[in-house]
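Peer 1: Here's my sequence, what's the structure:
(chains A and B)
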2 protein chains.
Amino acid sequence: MQLSINRSIFLEELSKANKIIDVRSVVPLLGGILIEVDVDKMTIISSSGTLSYKSVLNQQNSDLEIKEIGRILIKSKHILDMLRKIEDDFIDLTSIENNELRISTKNIEFNINILDSEEYPLIGFREKGVKINIDPKSLKQALNQTTISIYEWNKKIALTGANFKTEENNLIISTTDMHRISYKKIYLQNQNVEDINIIIPYKTIIELPKFIEGAKNIELVASEGYASFIIDNSIFQSNLIDGQYPKVEGVFPKEFTNTITVDSRKFLKTLSRADLPSDDGLAATINLKLTKEILFVRTNVAEIGNFEEEFKEFSIQGDGDLMINFNSKFLQEAIKTFEGEEIELKFVNSAKAVVINKKNEDNLKQVVLPTFLG
Amino acid sequence: MQLSINRSIFLEELSKANKIIDVRSVVPLLGGILIEVDVDKMTIISSSGTLSYKSVLNQQNSDLEIKEIGRILIKSKHILDMLRKIEDDFIDLTSIENNELRISTKNIEFNINILDSEEYPLIGFREKGVKINIDPKSLKQALNQTTISIYEWNKKIALTGANFKTEENNLIISTTDMHRISYKKIYLQNQNVEDINIIIPYKTIIELPKFIEGAKNIELVASEGYASFIIDNSIFQSNLIDGQYPKVEGVFPKEFTNTITVDSRKFLKTLSRADLPSDDGLAATINLKLTKEILFVRTNVAEIGNFEEEFKEFSIQGDGDLMINFNSKFLQEAIKTFEGEEIELKFVNSAKAVVINKKNEDNLKQVVLPTFLG
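Peer 2: Predicted coordinates:
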C-alpha cells in the first residue's frame, strides 16, 4: 500500500472511526481500524461489534493519490497523535513488510507497528431497507433533547434505547425511564414515508451526534435488526434492540389546572441555586409552591442546610394553588432541552406529571413525574 | 455577626482562602475557613498547617457594611457554589445561633450549617523579618519557570523546595532534581537588599502563583522558619525547609563546543512529534544528531515504532559534530519556560549537560543532563 492524502481530512475520518472502538472488546482485533485501499478509493472501517462505521475517501473528497493498493489494520491512538502534531498539508502512507506503516512528509518519517489485517472480521453494511431522509441538524438536536430520559441500565430492555417511529409525515423519537418521558416530532419533507418502528440502543444515540456534525445529508435505512445512517460518504450502523416500545403518548396528561410561562434560562438559574448537593451524591428534591404572584422554590438537605427563592417572573393561567416536588436533576435536564426558549409548564396536581413544551409549540414535550419525598 | 458585602469580591477572597485547605488534614477544623468580623473589617483566615492565608476586607475594598461583629467557622464548598450561582451584586451574611450562616438577597435565603469556631487553632502571621519587594509579574513568571526542576518526593529534603537567595541586587531562585537545574535571576530595583538564603517548599511554589494574579505589590518577609508573602491586603505564609541548598552555579558548564540558536516554538513542535509515548508511561529518550546543516531528531520505542525528523531551522557555532540523548520530558519542559523566544542550546559533549538560555540574555538558565540510554 502506498498513497498520498490530505492530512486533516484523513485525521478527521480516522478520528470518527476511532470513536466507536471499544478497547475492552472480547475480539481484540476490533481494537484496530481497517484501511482498505483500492485503485480509486480508500475505505476506513471500524466496529465495536454493535456499532460499525465505514467511510469512503477518494481523490475528490480527500486529495487521495494511490500508488499501490493494499489492506492494513492499524492501532489508531499513536497515529492520531502524530497526525495532529504534523503540520504538513499532505502525508504519504506506505506499508512496509505487512508489519509497519510509514507516515512521512518531506522532513518527517514515522514508522509504526501495525496489526494483522488477515484476521479482521468481515463487517456487513446494510444499505437496503425502509429509508427516510432526515435533516442532519434536526436529528442532532432531537437526539440531544431525548437522550436524557434513557436509563442505559433499565431492567426493561426495550427502554434502554430510543424509539424511532414514523407517523403520517413525521419521525417521532421517544424515550422514557419510567420517571420522565422525552417526546420529539420531526417533520419529514418531500418524501413518501414508510412505516418504521424501531428501538435504537442508548450507546448509538450517544455516539451518533458526533458523526452528524457538518453533515449535508442523512438517510436512515431500517432493515432486519439494523439501523444504518448513511451520512454523506460514510455509514454509521447500529444493531437494534428487540422488543415492543410502549406507547408513551397514552400517559400524557391532557387537562391542566395551572399553566405557567417562564423564560427557561431564568428559571434554570433559580433551579440551579436550589439544587443543593447532598453528601451521598443523590439529586435534591425541589419543592415548588405556586401562588398567583410568587413561585416559591425550596430545598432542604439535612446535612447542608436549606434554600428558598421567590421566583416572580412568570405568567399564570389557573387557580395558583399548587404544591409539588421534583427530582432536581430530572426537572433541570428537561428544561435545558428547550435551549433558552420561553416555555410552558403545565400542572394537574401534586401527584401528576408536569408537561413542558415551548410556548405555543409541541414538537418537543418533556414529561416529568413528581416525587413524593421531601 | 451581620453584614453586607460585595458578592464577587467576597467570592474571590474566599476562593483564595479555600485553595490552600487540605481536606485530609489531621486537624479536621483546618478544613474550615475562619471569618472574623470586627467593627471596621472582616478577616478571612485559612491554613493547611504548613501554608496559611489571611485576607483583610473593609468598606473601601469590598463595600463591607458591618451591622454586628462576630466570628464564625465555615465549610466553604457549598458556600462558594452558592456565591457563584447568585447574580446579585451584594449579599447579606447573618450568623444564626452559632450553628448556621444565612446568605441572603432580596429574593434568596440560603441557610447553611457551620462549624464551631471556638476550637479553631490560633494561626500566627509573621510580618517582621528580612524584607524584599518583588515585582508580582516577575515573581509569577520566575515560579513557573523554575517549578519544573523540583521533584517533590526527592530523598534529599533540601531539594524538595526552591532556593531563594539574594546576591548583590538580585533575587536568585534555583531548583534542581539532580537531572536538571532551573536558575532564575530577578533584579530588585530601588532597595537595599539584605541577605536571604531560604528553601521554600514545592507545595508553596505551586500555590503561590494563584495568589499573585492581579496583585499590585508583593513583599517577601523571611523570618525564622517562615516566609510570608504580603500581597496587597493579604498574607500568604509558608513554612520553610530546613537545610543547606547546594550551590548549583558550580556545576554549570562554562565552555561549549557547539551552540545552536533556534525558535523555541518551532523546535518544541519537532520535539513534541518525536515524543512517542511508551506503554509503561515513561518519557521517551530523544536522540539528537547534530551536523552543520541538519539536526536529526530521533526516537525509537520498541512497542510502538520509530520517528525521525530533519530539523533545519537553526544557526550554529561550532564544529557540528555531536550526538546526544535526552529525556524527552525534561528537554521539552526546559524549553517551554522560554515562552516562544529565540533560544540558545549550548553543548559540550554527549556526557555533559546542555545549557539553555534566551539569545543574548542569561537571567534564566535551564540546564539538562543527557541520558545514556536509547
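Peer 1: Next, residue A:127: secondary structure please.
Peer 2: With DSSP: H, G, I helix; E, B strand; the rest coil as the basis, the three-state label of residue A:127 is coil.
Peer 1: Grab the nearest non-local neighbour of it.
Peer 2: residue A:221 (6.0 Å; C-beta to C-beta, 6 or more residues apart in numbering or on different chains). For glycine as for every other residue, the C-beta is placed from the backbone atoms N, C-alpha and C.
Peer 1: Around residue A:247, how many other residues sit close by?
Peer 2: For residue A:247, the count of nearby residues is 10 (other C-beta atoms under 10 Å in any protein chain shown).
Peer 1: Let me know the distance separating it from chain B.
Peer 2: 39 Å (C-beta to the nearest C-beta, to the nearest Å).
Peer 1: gap between that residue and residue B:301?
Peer 2: 57 Å (C-beta to C-beta, to the nearest Å).
Peer 1: now the stretch 51-200 of chain A, which segments are flagged as low pLDDT?
Peer 2: Judged by pLDDT under 70, the stretch 51-200 of chain A has no weakly predicted residues.
Peer 1: in the stretch 101-250 of chain A, which spans are strands?
Peer 2: Secondary structure of the stretch 101-250 of chain A, counting by DSSP state E, counting those that start in this stretch: strands at A:108-113, A:130-134, A:161-167, A:170-176, A:180-187, A:197-201, A:218-223, A:226-231, A:234-239.
Peer 1: Any chance of JSON lines for those strands, columns mean neighbour count?
Peer 2: What follows is those, written out as JSON lines (neighbours: other C-beta atoms under 10 Å in any protein chain shown):
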{"stretch": "strand A:108-113", "mean neighbour count": "20"}
{"stretch": "strand A:130-134", "mean neighbour count": "17"}
{"stretch": "strand A:161-167", "mean neighbour count": "21"}
{"stretch": "strand A:170-176", "mean neighbour count": "22"}
{"stretch": "strand A:180-187", "mean neighbour count": "21"}
{"stretch": "strand A:197-201", "mean neighbour count": "20"}
{"stretch": "strand A:218-223", "mean neighbour count": "19"}
{"stretch": "strand A:226-231", "mean neighbour count": "21"}
{"stretch": "strand A:234-239", "mean neighbour count": "22"}
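Peer 1: Let's have the ones you listed in CSV, adding distance to residue A:363.
Peer 2: Formatted as CSV, those follow (distance: least, C-beta to C-beta, whole Å):
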stretch, distance to residue A:363
strand A:108-113, 49
strand A:130-134, 14
strand A:161-167, 13
strand A:170-176, 9
strand A:180-187, 5
strand A:197-201, 19
strand A:218-223, 18
strand A:226-231, 21
strand A:234-239, 24
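Peer 1: Nearest to chain B: which residue in the stretch 251-374 of chain A?
Peer 2: Nearest to chain B in the stretch 251-374 of chain A, going by C-beta to the nearest C-beta, is residue A:305, at a distance of 3.7 Å.
Peer 1: Tell me how many other residues surround that residue.
Peer 2: Counted with other C-beta under 10 Å, residue A:305 comes out at 21.
Peer 1: List the beta-bridge partners for the residue lying closest to it once chain neighbours are set aside.
Peer 2: Distances taken as C-beta to C-beta, 6+ apart place residue B:112 nearest to residue A:305, at 3.7 Å, with adjacent residues excluded. For residue B:112, the beta-bridge partners under DSSP bridges are residue A:305, residue B:101.
Peer 1: what residues are up against residue B:112?
Peer 2: Contacts for residue B:112 (C-beta atoms under 8 Å, 6 or more residues apart in numbering or on different chains) come out as A:304-305, B:74, B:78-79, B:82, B:100-103.
Peer 1: Pull out the buried residues from these.
Peer 2: A:304-305, B:74, B:78-79, B:82, B:100-103 (16 or more other C-beta atoms under 10 Å in any protein chain shown).
Peer 1: And the residue nearest to residue A:181 when sequence neighbours are not counted, how far from residue A:252?
Peer 2: Counting by C-beta to C-beta, 6+ apart, residue A:367 is the residue found nearest to residue A:181 once chain neighbours are left out, at 4.1 Å. As judged by C-beta to C-beta, residue A:367 and residue A:252 stand 6 Å apart.
Peer 1: Residue A:242 too?
Peer 2: Counting by C-beta to C-beta - residue A:242 and residue A:252 are separated by 26 Å.
Peer 1: Looking at these two, which one has more neighbours?
Peer 2: Neighbours were counted for residue A:242 and for residue A:252 using other C-beta under 10 Å; residue A:252 has more, 13 against 9.
Peer 1: can you pull the contacts of that one?
Peer 2: A:181, A:183, A:353, A:355, A:365, A:367.
Peer 1: quick one: pLDDT of the residue nearest to residue A:181?
Peer 2: The model reports residue A:367 with a pLDDT of 98.
Peer 1: quick one: strands adjacent to the host helix or strand of it?
Peer 2: Following DSSP states H and E, one finds residue A:367 within strand A:364-368. Applying DSSP bridges to the sheet, strand A:364-368 is found paired with strand A:180-187 (antiparallel), strand A:354-358 (antiparallel).
Peer 1: Any idea which of these gets closest to residue A:259?
Peer 2: strand A:354-358 (9.2 Å; C-beta to C-beta).
Peer 1: residues from chain A in reach of chain B?
Peer 2: A:78, A:81-82, A:85-87, A:100, A:107-113, A:269, A:272-273, A:276-277, A:303-312 (C-beta under 8 Å from any C-beta of the partner chain).
Peer 1: if we go to 6 Å?
Peer 2: A:78, A:85, A:107-113, A:272-273, A:304-310 (C-beta under 6 Å from any C-beta of the partner chain).
Peer 1: thinking again about what came up before, please identify which of the contacts of residue B:112 is nearest to residue A:334.
Peer 2: residue B:82 (23.1 Å).
Peer 1: Got phi/psi on the closest one?
Peer 2: phi -70, psi -40 (degrees, to the nearest 10).
Peer 1: Wait, it touches residue B:110, no?
Peer 2: Yes - if you go by C-beta atoms under 6 Å, residue B:82 and residue B:110 touch, sitting 5.5 Å apart.
Peer 1: which stretches of the stretch 251-374 of chain A form strands?
Peer 2: Using DSSP E, counting those that start in this stretch, strands in the stretch 251-374 of chain A cover A:258-263, A:285-290, A:295-301, A:305-311, A:314-318, A:322-327, A:342-347, A:354-358, A:364-368.
Peer 1: Highest mean neighbour count out of those?
Peer 2: Greatest average neighbour count among the strands of the stretch 251-374 of chain A goes to strand A:364-368 (a mean of 24), per mean count of other C-beta atoms under 10 Å in any protein chain shown.
Peer 1: Next, the angle from that strand to strand A:322-327.
Peer 2: Between strand A:364-368 and strand A:322-327, the angle comes out at 90 degrees (axes from the mean of the first three to the mean of the last three C-alpha atoms, to 10 degrees).
Peer 1: okay, the angle between strand A:364-368 and strand A:170-176?
Peer 2: Using the same axes, to 10 degrees: strand A:364-368 against strand A:170-176 is 20 degrees.
Peer 1: for strand A:364-368, the distance to its chain's centre please.
Peer 2: 17 Å (C-alpha atoms, centre = their mean, to the nearest Å).
Peer 1: what does stretch A:36-52 give?
Peer 2: With C-alpha atoms, centre = their mean, you get 22 Å for stretch A:36-52.
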